[in-house]
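> Predicted coordinates and the sequence they were generated for:
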Amino acid sequence: CDFKSNIRIIGMDFNFNEEQTLIQGQVAQFIQRDYEWEKRQALVSSELGFSEENWKTFAELGWLGISLSEESGGFGGTELESMIIMEEFGKGLVVEPFLETIILCSGLIDSCGTEEQKKELLGQIMAGDMHLALGFTEPQSRFNVADVTTEAKLKEGNYIVNGFKSVVMNGPNADKLIISTRTSGKQADKEGVSLFVIDASQEGVSLRNYPTVDGRRASEVTLENVTIPSNCLLGEEGKGFHILEDAIDKATLGICAEAVGAMEVLYKTTVEYTKTREQFGQPIGKFQVLQHRMVDMFMEYEQSKSLLYMATIKNVEGSQDRKKAISGLKYQIGKAAKFIGQQSVQLHGGMGVTEELNVGHFFKRLTTIITIFGNTDYHLKRYSQL
């Protein structure tokens, strides 16, 4: 497939090319046919937290390699293809770790890994035989990627790593961990951050696994005198900050696309509900004040989707203001997700917070997305500084 002619923009009318339309239809069909709500809930309650069978299906359909370079064995797609997949995943609240393993970690390996690392890891990832997780947050760091206290010291040709990483998404199921460490400089310096690929079962690596409020899995990772060969260094020593920041920007686009998909389902579900729920002898959807609320929900969704497409295109094209566009998008997503989620729950009444109805689960996921990779306050500040 030729993914180079990615998207056409005519005014504000976004049109996917033929291949992208095919991907969108393929993912939408999978959600509709194989990801019913009851199945999804059963997966969340399972020990693994998702379906390995579904993951293998993703591999067979080529989704796990769609955004990786052709040189690495992928299909040569971009963030646009990832955005299309993630938006559809958001509509089904898909719990398989596509964001963590593919967008975050395999993208990092593809962009700065050695030929040996790419050959060893990416083939297994695209085949669906390996899961990854990125450990980059620490209790004191908040959303500052450069604030790293986990240390890696070179000793006799190997690195000795000591430190702690919090909220490592997909940590419980990861075969390999990509860990940000400090090899030089002060705690918050941008220079001196290095990335390492570490085996999750290696001696000295311990994980405390836990479920998250949105039905996912995460870990706290402790590293005590973990000995790592120098060939596990990802990219150049001390130059990991910028490649990590770029990877998180791409992942931010992906998670914002998921939020857009989830918000579409929420506002449409709410509109349909107000057509059937009666009060004072008529559907509540006929009350003007509630119509105004639903129009506001629709507008927040449309603004979010437009900003998503704009920011994604800017990032693909390498525009100078791409980081500013991503922060503007994440701020809008945070604002819209909170508003649409709250309105959906309120308009559904008590049903909106029950386990049986999907509305509350969508709201939980959107609430989590608001804080992942930086909340509204962080991105508003970042936007003003760029």
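Looks like it arrived, so ask away.
> can we go C-alpha only for contacts and neighbour counts from here?
OK.
> surely L380 meets S327?
Yes - L380 lies in contact with S327 (C-alpha atoms under 8 Å); the separation is 6.9 Å.
> Show me which of those two is the more surrounded one.
A count of neighbours by other C-alpha atoms under 10 Å puts S327 above the other of L380 and S327, at 26 against 18.
> all helices for the stretch 201-350 of the chain, in order.
240-276, 288-317, 322-348 (DSSP state H, counting those that start in this stretch).
> What is the burial count for G204?
By other C-alpha under 10 Å, the residues close to G204 number 14.
> now do the one 10 residues further on
The tally of other residues near D214 (other C-alpha under 10 Å) stands at 19.
> buried residues in stretch 216-224?
216-223 (16 or more other C-alpha atoms under 10 Å).
> could I get the helices of the stretch 201-350 of the chain as JSON lines with distance to P172 and mean pLDDT?
Output for the helices of the stretch 201-350 of the chain, formatted as JSON lines (distance: least, C-alpha to C-alpha, whole Å; pLDDT from 0 to 100):
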{"stretch": "helix 240-276", "distance to P172": "20", "mean pLDDT": "96"}
{"stretch": "helix 288-317", "distance to P172": "30", "mean pLDDT": "95"}
{"stretch": "helix 322-348", "distance to P172": "27", "mean pLDDT": "96"}
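> between these, which gets nearest to F363?
Checking the helices of the stretch 201-350 of the chain against F363 by C-alpha to C-alpha gives helix 322-348 as the closest, at 5.0 Å.
> What residues sit buried inside that closest one?
Quick answer for helix 322-348 (16+ other C-alpha under 10 Å): 322-341, 343-345, 347-348.
> Report all helices and strands that the host helix or strand of T21 contacts.
Using DSSP states H and E, T21 falls within helix 18-34. If you count contacts as 3 or more C-alpha pairs under 8 Å, 6 or more residues apart in numbering; DSSP states H and E, helix 18-34 packs onto helix 79-92.
> Could you look up the next helix or strand downstream of the helix it packs on?
Sequence order places helix 107-112 as the next helix or strand after helix 79-92, per DSSP H and E.
> by contact count, what packs against that following helix?
helix 115-126, helix 240-276.
> to the chain's geometric centre, what's the distance from it?
16 Å (C-alpha atoms, centre = their mean, to the nearest Å).
> Same check on stretch 28-43?
How far stretch 28-43 lies from its chain's middle: 19 Å, per C-alpha atoms, centre = their mean.
> And it, what's buried?
28, 30-31, 35, 37, 40-41, 43.
> Pipe these into CSV and attach distance to N173 and pLDDT per row.
Listed next are these as CSV, based on distance: C-alpha to C-alpha, whole Å; pLDDT from 0 to 100:
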residue, distance to N173, pLDDT
A28, 26, 97
F30, 23, 96
I31, 23, 96
Y35, 21, 96
W37, 23, 94
R40, 18, 96
Q41, 18, 95
L43, 14, 96
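> quick one, the following helix or strand past the helix holding T21 and helix 18-34 angle?
Remark: after helix 18-34, the chain's next helix or strand is helix 37-45, criterion DSSP H and E. Orientation check (axes from the mean of the first three to the mean of the last three C-alpha atoms, to 10 degrees): helix 37-45 against helix 18-34 gives 90 degrees.
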